[in-house]
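> Fold the following and give me the result.
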Amino acid sequence: GRKVPLRVRLRFDNGWPLVPPDVRFGGSFVTPVLDSHRRPFEAFRQQLFSGGRQTVADILSKCRDLIEDPLQALQGSSPSDETAAWRDKIKKHVDIAREINSERLNITRRYTAQARHPDLFRHSVELRPEWFDVRFWEASMSGMPNACQSLLAEHLPGEVYSFPLF
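From the prediction side, this is the model:
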């Protein structure tokens, strides 16, 4: 099928590469392998980080495999009781998740055709100055670290700020 972008957040601490990163997935896709915080369940985290030291590219590749085909991603794992239990539970949920994701993707594709700015639905979009407030665009393109700070309006001292974006 057609590939879709996958947002993955990897958070590393000082123990990297001996300590694996915290992995969270973004987006609105449905999968039986993520908890309510969009992290892989323990059995899948073990699989993601098996094999000792890994590069970021290795982890991202395993993340893609896990989301695209969770059952296949688990095939190479040692069959611990927890992994085997998850494998059995997931078999019945994978098809349901694929159907839901397919429906969501079809809705997105139909909407894209009607969108005022269809370029925003492309995988990699080059930002255009006309999409933004002139002051914001100039400040963000200036390369000056504090350029955007002058645009801030403080609404609640030390807590709520705004700036012109669009």
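> any weak-confidence spans in the chain?
Along the chain, the model assigns pLDDT under 70 to residues 1-5, 73-87, 120-125.
> ok, which stretches of it are strands?
8-11, 22-25, 153-156, 160-162 (DSSP state E).
> Skipping its backbone neighbours, what lies nearest residue 58 in space?
Excluding the flanking residues, the one nearest residue 58 by C-beta to C-beta, 6 or more residues apart in numbering is residue 51, at 8.0 Å. The way it works is simple: take the backbone N, C-alpha and C, and place the C-beta from them, glycine included.
> Number of residues surrounding the one you found?
Neighbourhood size, residue 51 [other C-beta atoms under 10 Å]: 10.
> Number the chain from 13, please
Fine by me, first position is 13 from now on; the one you just mentioned is residue 63.
> Can you pull the phi/psi pair for the residue of the chain most remote from its centre?
Distance from the centre of the chain peaks at residue 169, with 32.9 Å (C-alpha atoms, centre = their mean). Here is the backbone geometry of residue 169 (degrees, to the nearest 10): phi -50, psi 120.
> Have a look at this protein and report its longest helix.
The residue-count maximum for a helix in the chain (DSSP state H) belongs to helix 93-126.
> so what secondary structure elements neighbour that one?
helix 54-60, helix 82-87 (3 or more C-beta pairs under 8 Å, 6 or more residues apart in numbering; DSSP states H and E).
> and if we set it to 10 Å?
Under the contact criterion of 3 or more C-beta pairs under 10 Å, 6 or more residues apart in numbering; DSSP states H and E, helix 93-126 touches helix 54-60, helix 68-80, helix 82-87.
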